[in-house]
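Engineer: what follows is a predicted structure for the sequence shown.
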Number of protein chains: 2
Amino acid sequence: MLGHLDPEFIALLDETNDRLRQVFRTSNRLTFPLSATGSAGMEASFINFAGPGDVVVIGVNGVFGVRMCDVAERAGAEVIRVDEQWGKPIDPQRLLEAHPAPKIIAVVHAETSTGVRNDIAPLGSAKGDALLLVDCVTSLGGVELEVDGWGIDIAYSGTQKCLGVPPGLAPMTVSDRALAHLKARPQSWYLDLNMITNYVLGEGARAYHHTAPISMIFGLHAGLGAVLSEGLEQAWARHQSVGDELQRQLVDAGFRLFAEEGNRLPDLTTVWVPDGVDEAAVRRELLTRHGIEIGGGLGDYAGKVWRIGLMGHTARARNVTLLVGALRELMG
Amino acid sequence: MLGHLDPEFIALLDETNDRLRQVFRTSNRLTFPLSATGSAGMEASFINFAGPGDVVVIGVNGVFGVRMCDVAERAGAEVIRVDEQWGKPIDPQRLLEAHPAPKIIAVVHAETSTGVRNDIAPLGSAKGDALLLVDCVTSLGGVELEVDGWGIDIAYSGTQKCLGVPPGLAPMTVSDRALAHLKARPQSWYLDLNMITNYVLGEGARAYHHTAPISMIFGLHAGLGAVLSEGLEQAWARHQSVGDELQRQLVDAGFRLFAEEGNRLPDLTTVWVPDGVDEAAVRRELLTRHGIEIGGGLGDYAGKVWRIGLMGHTARARNVTLLVGALRELMG
């Protein structure tokens, strides 16, 4: 352990932030790991920039879009919700046309609840004065993501998806354009980016805000190192090819994929549970016999869909073979 | 790694919560590690129970009392601040008389910024309808603390102090009496105890809220195991005797202690920096030559006071000998 103000730790934090910039594809100065899980990244992204009187347009085609609405409403913002059927991507044009002058347009890049990738780049090029806020929890490090190139102003992620690091931190990045709109005193003290910035970016002396979760940051530093050693584009390509292979094999085995073709995530594959199958029993058997955990469906799709992650170091051909083999065994 | 809904992990979380109940000395059902650092524990403790129209009496004799006021104000509560000189304890009677019918009376048990222990038991026995909210960051596991015995309704702590675990979680406990006052929709989604309770206490199926920081909870489980193996009262006694020894040796070496006698914490000792000493240089030398980190003063006492922690596994006689020896070497 090092102290959170120890120069040796500060150097490691600075290097971690540099690595995050590379993985987010951004030159944003304010790029850092927030000291809580991805959902706190979502909350920090809204409450620092939106409050009473601010219009926020939110795309909703899964659990995490719904969660964004809840978070933004609690901040007092006026939420304009653009719904799409779960399993389909949101048409960027609908988000752009939802309000003439929103403060924020927010969307989930990779919907973990449905396996759908929403298109981001068309939003950045036409956002006007709005800030573009994107949930990158299940895309960072596994799926093409260009924070600067796509005009994203505020992005957050988690560590336990494609970065392959234990959960507990929310990597975040904020553009200078967004920082110009930072609230002077957001409703949360813990997530107040004014004070966090003094610690993350403070010149010379770093002002104490809260105690940084040192060991988690050690883990993130190492996980980012592994991604960058492999090469970010190589990591994207690996996730894509392994995900493609899983989807091909599942279709061969008779499964129907849930997410719409063309916007399927490679790292999170959703399939319909075949009729007459006790889906919870299959998941239990996978876990106890093979040590494989797959997710159940969420919301209206609980019991109807499985969600299969191939992320970070688990995105390997052997895991595709193992899972499909195990499913064939269990389901006859 | 285990998944956060894996039965094996849930069993470990349940056991962690049982261990926390023992260390907090409580039978509160809602006792769990919040997924962020101690300061988020503070925020969760206020925003779930206090909002606009609620009067909150806060004792302030250090940095963390000041922080409580900031957090409570952001929640919209009416804050009545009871100040005491830093280095002295707060008279419980002043807190009890500050308002006829507060929603919450809040105080820091062990002020990390000053080394002062505030008396809690007299508040619990005379609190009336108020909820008693106590910051136990620097007391849990190191200093006598009786959540149920002292009538504490809401308490939070950190992991990196006397529990000797990496920072990143905030152990919390909430009485059923307090839960009856839980806000239906607090301003924070991430810290909403309604939803967290469904995960922590859910019967049978645990409802997903956010991804629990698995590896941090492994660490907490182990750290609590170590405290309970030693024996909680034995751990308190060890902190007391080692802290007493440090304070005796510092006085022998000519230092003046900062915190008032009678309410000095054993695990966090404050001393005045002797006149003419470059205090930052001494701290730097301690760190680089001996690997010892001591804290500088905070607030008005920056540059004037040192703060010396002897917490968890570092509360050992050898560390007293080492530090006092190193100070003698460096200061001649």
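Structural biologist: On my side now, so go ahead. Numbering: from 1, shown residues only, chains lettered A, B, ... in the order given.

Engineer: beta-bridge partners for residue A:269, please?
Structural biologist: With DSSP bridges applied, residue A:269 shows beta-bridge pairing to residue A:308.

Engineer: residue B:132 versus that one, what's the distance?
Structural biologist: 50 Å (CB to CB, to the nearest Å). For the C-beta atoms, the positions are set from N, CA and C on the backbone; glycine is no exception.

Engineer: one more: residue A:98?
Structural biologist: Taking CB to CB, one finds residue A:98 at 47 Å from residue B:132.

Engineer: neighbour count winner among the two?
Structural biologist: Under the criterion of other CB atoms under 10 Å in any protein chain shown, the comparison of residue A:98 against residue B:132 puts residue B:132 first, with 25 against 16.

Engineer: can you classify the closest residue to residue A:192 other than its chain neighbours by secondary structure?
Structural biologist: Counting by CB to CB, 6 or more residues apart in numbering or on different chains, the nearest residue to residue A:192 once its immediate chain neighbours are dropped is residue A:186, at 5.3 Å. Judged by DSSP: H, G, I helix; E, B strand; the rest coil, the three-state class of residue A:186 is coil.

Engineer: try residue A:27
Structural biologist: Applying three-state DSSP: residue A:27 is coil.

Engineer: OK, contacts around it?
Structural biologist: A:21, A:148 (CB atoms under 8 Å, 6 or more residues apart in numbering or on different chains).

Engineer: now do 6 Å
Structural biologist: Residues counted as contacts of residue A:27 (CB atoms under 6 Å, 6 or more residues apart in numbering or on different chains): none.

Engineer: quickly note the distance from it to residue A:11.
Structural biologist: Applying CB to CB, the value for residue A:27 to residue A:11 is 20 Å.

Engineer: if we can go back for a sec, ok, the residue nearest to residue A:192 - contacts?
Structural biologist: Applying CB under 6 Å, 6+ apart, the residues near residue A:186 are A:47-48, A:192.

Engineer: quick one, helices of the stretch 1-150 of chain A?
Structural biologist: In the stretch 1-150 of chain A, the helices defined using DSSP state H, counting those that start in this stretch lie at A:7-24, A:38-47, A:63-74, A:92-96, A:121-126.

Engineer: mind putting the ones you listed into CSV with distance to chain B and mean neighbour count?
Structural biologist: What follows is the helices of the stretch 1-150 of chain A, written out as CSV (distance: least, CB to the nearest CB, whole Å; neighbours: other CB atoms under 10 Å in any protein chain shown):
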stretch, distance to chain B, mean neighbour count
helix A:7-24, 8, 18
helix A:38-47, 4, 28
helix A:63-74, 5, 22
helix A:92-96, 22, 18
helix A:121-126, 23, 17
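
Engineer: was I right to think residue A:195 contacts residue A:209?
Structural biologist: Yes. If you go by CB atoms under 6 Å, residue A:195 and residue A:209 touch, sitting 4.6 Å apart.

Engineer: which residues are contacting the lowest-mean-pLDDT helix or strand in chain A?
Structural biologist: For chain A, counting by mean pLDDT, DSSP states H and E, helix A:193-200 ranks last in confidence among helices and strands (a mean of 92). For helix A:193-200, the external contacting residues (CB under 6 Å, 6+ apart) are A:32, A:48, A:182, A:206-207, A:209.

Engineer: can you name the element that comes right after that helix?
Structural biologist: Heading C-terminal from helix A:193-200, the first helix or strand you meet, by DSSP states H and E, is helix A:214-230.

Engineer: could you report the pLDDT at the residue nearest the centre of chain A?
Structural biologist: With distances taken as CA atoms, centre = their mean, residue A:137 lies nearest the centre of chain A, 1.1 Å away. pLDDT, residue A:137: 98.

Engineer: quick one, phi psi at it?
Structural biologist: Residue A:137 adopts backbone torsions of phi -60, psi -50, taken as degrees, to the nearest 10.

Engineer: now residue A:191
Structural biologist: Per-residue torsions, residue A:191: phi -100, psi 10 (degrees, to the nearest 10).

Engineer: what's near enough to touch it?
Structural biologist: By CB under 6 Å, 6+ apart, the residues touching residue A:191 are residue A:44.

Engineer: separation between it and residue B:328?
Structural biologist: Taken as CB to CB, the span from residue A:191 to residue B:328 is 44 Å.

Engineer: got the residues of the stretch 201-332 of chain A near chain B?
Structural biologist: Contact residues, the stretch 201-332 of chain A versus chain B (CB under 6 Å from any CB of the partner chain): A:210-211, A:213-216, A:293.

Engineer: those residues, buried ones only, as a PyMOL selection?
Structural biologist: The buried residues among these can be selected in PyMOL (16 or more other CB atoms under 10 Å in any protein chain shown) with this line:
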select buried, chain A and resi 210+211+213+214+215+216
